[in-house]
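# Requesting a structural model of the entry that follows:
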Amino acid sequence: MAELNTGDGGGKKGGKVRSQKLNAKVDLTAMVDLAFLLITFFMLTTTLSKPQSMSLGLPDKNEKGDDIKVDENRTMTVLLGDDNKLVFYMGLLATPLAGPKDLSFGKDGIRQELLKRKKEVLAYSTAKGKPDQGMIVIIKPSKKSNYKNIIDILDEMAISSIPTYTIVNDFSPEETKLLEGK
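Numbers count the residues shown, from 1 in each chain. The predicted structure follows:
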């Protein structure tokens, strides 16, 4: 006689063996940890890679587009030449209030002069009833000056807390002669 196959596998020959179905669970703990590490890494690198910049003020213009005249008592001009040469004067070159004088970079040179002149300009502006008007420095690098000198003078502006400064490459013939020492 033939045996009846019930399909339960019960140890009988020829029966089918059924596998139990397990619920497949994936542990995502490692994936979440990795995601948080990546987010933290990208947040940190983008924060560190932001460029640093300095604000640079340019002279205002009136309604006609003409330059507004600035008080010569507040204006200092710094000329940058070759071989780390630095010459400054206060006011206009034709009638300077101070200088022209050769200085060096650093705390005993231009920085000391900037701080001294800044106090004088502040006293002058306060006497005129406008204490918010500070010193204006015009930086004029020559074609022979190097990039390091420009960065050094900008650092001096930041260290001395000069409120308004600008870089101009417009040299008068008198300024060129002064810088060349003729």
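
# Packing partners of the top strand by length along the chain?
Secondary structure of the chain read by DSSP state E shows that its longest strand is strand 96-103. Here strand 96-103 is seen to pack against strand 86-91, helix 110-127 when contacts are counted using 3 or more C-beta pairs under 8 Å, 6 or more residues apart in numbering; DSSP states H and E. In this view, the C-beta of every residue, glycine as well, is placed from N, C-alpha and C.

# With mean pLDDT and mean neighbour count added, can I get the ones you listed in TSV?
What follows is the helices and strands packed on strand 96-103, written out as TSV (pLDDT from 0 to 100; neighbours: other C-beta atoms under 10 Å):
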stretch	mean pLDDT	mean neighbour count
strand 86-91	82	20
helix 110-127	82	16
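
# And the pLDDT for I138?
Here, the pLDDT recorded for I138 equals 84.

# For it, give me its contacts.
T75, M76, T77, V78, Y165, T166, V168 (C-beta atoms under 8 Å, 6 or more residues apart in numbering).

# Try it again at 7 Å.
For I138, the contacting residues are T75, T77, T166, V168, by C-beta atoms under 7 Å, 6 or more residues apart in numbering.

# Over to M76?
F88, M90, R117, M135, V137.

# and these as CSV, adding distance to S19?
What follows is the contacts of M76, written out as CSV (distance: C-beta to C-beta, whole Å):
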residue, distance to S19
F88, 91
M90, 95
R117, 91
M135, 88
V137, 85
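
# burial measure for K143, as a count.
The tally of other residues near K143 (other C-beta atoms under 10 Å) stands at 9.

# which stretches of the chain aren't confidently modelled?
Scanning the chain for pLDDT under 70 picks out 1-15, 49-71, 94, 181-182.
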